[in-house]
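Student: Predicted model, plus sequence, below.
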Amino acid sequence: MIGQLKGQIISKNPPEILLEVGGIGYELLCPMSTFYQLDNSSEDTLLYTHLSIKEDSHTLFGFISKDEKSMFRELIRVNGVGPKVALAILSHLSVSSLVDCIIREDADLLAKTPGIGKKTALKLIVELQDRLDKVELVDASTSTMGHKTSYNPNAKQALAALQSLGFKTKEANKMVSSIDDQTLSTEQLIRLALQNK
């Protein structure tokens, strides 16, 4: 598996770029968000890659950040969403906008992506909501799941406990994010969240 490539951009033809690494030219498909950040003059362009292998093709996808690559991989895990559709989504929305869109259940915004209808947008939101807090994003804060959870280090444990009690991710996030006191212990958070339900 090719995890990342570092080299010089030889040509750009949206959404494809040709990256020369050690005398070998790699064709990579990139979301437009990555495409616009690429600098032709740079000798060392680093792209995080995902290799898609099918019967008739091997396709390399390139991303400027690890977050884009992680989100791409989550998107293609959704049944009915292939690499091209995932690329279109990441071209239409930044990682943080996509995370926000999933949290707010904004199917209309997601459906504005070419090739995605309302039905697919709703399916994406439902499937990704439960997996979003497990995705390790570097720049886009996954703590936006609970809006205020980033300020209390115990909030993550409280969310996990509520989920193990049978609450859906979204419901647990809502319960914890409604608590303003950021000094509470995990137990106090859980107790208050259950009272607020």
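Tutor: Right, received. Where do you want to start?

Student: Chain neighbours aside, what residue packs nearest to Ile10?
Tutor: Leu18 (4.3 Å; CB to CB, 6 or more residues apart in numbering). Backbone N, C-alpha and C define where each C-beta goes, glycine included.

Student: wait, isn't that neighbour in contact with Ser11?
Tutor: Yes: in this structure Leu18 lies within contact range of Ser11 using CB atoms under 8 Å: 4.6 Å.

Student: more crowded one of the two?
Tutor: Using other CB atoms under 10 Å, the more surrounded residue of Leu18 and Ser11 is Leu18, with 15 against 12.

Student: Any chance you could list what contacts the helix or strand hosting the more buried one?
Tutor: For Leu18, the enclosing helix or strand under DSSP states H and E is strand 16-21. By CB atoms under 8 Å, 6 or more residues apart in numbering, the residues outside strand 16-21 that reach it are 5-12, 25-30, 35, 38, 45, 47, 62.

Student: run the last query once more with 7 Å
Tutor: With contact meaning CB atoms under 7 Å, 6 or more residues apart in numbering, strand 16-21 is reached by 5-11, 25-30, 38, 45, 47, 62.

Student: out of those residues, which are buried?
Tutor: Neighbour counting with 16 or more other CB atoms under 10 Å marks 5, 7, 9, 26, 28-30, 38, 45, 47, 62 as buried within those.

Student: Can you pull the domain assignment for the protein?
Tutor: Described in terms of automatic domain parsing, the domain architecture of the chain consists of the residue ranges 4-63, 66-132, 142-196.

Student: Would you convert the buried ones among the contacts of strand 16-21 into JSON lines that also reports pLDDT and distance to Lys118?
Tutor: As requested, these are arranged in JSON lines below (pLDDT from 0 to 100; distance: CB to CB, whole Å):
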{"residue": "Leu5", "pLDDT": "94", "distance to Lys118": "37"}
{"residue": "Gly7", "pLDDT": "93", "distance to Lys118": "41"}
{"residue": "Ile9", "pLDDT": "92", "distance to Lys118": "37"}
{"residue": "Tyr26", "pLDDT": "95", "distance to Lys118": "37"}
{"residue": "Leu28", "pLDDT": "96", "distance to Lys118": "31"}
{"residue": "Leu29", "pLDDT": "95", "distance to Lys118": "26"}
{"residue": "Cys30", "pLDDT": "95", "distance to Lys118": "27"}
{"residue": "Leu38", "pLDDT": "84", "distance to Lys118": "33"}
{"residue": "Thr45", "pLDDT": "91", "distance to Lys118": "37"}
{"residue": "Leu47", "pLDDT": "94", "distance to Lys118": "33"}
{"residue": "Gly62", "pLDDT": "95", "distance to Lys118": "30"}
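
Student: Can you pick out the most distant pair from those residues?
Tutor: Gly7 and Leu29 (16.1 Å; CB to CB).

Student: Fine, thanks again, bye for now.
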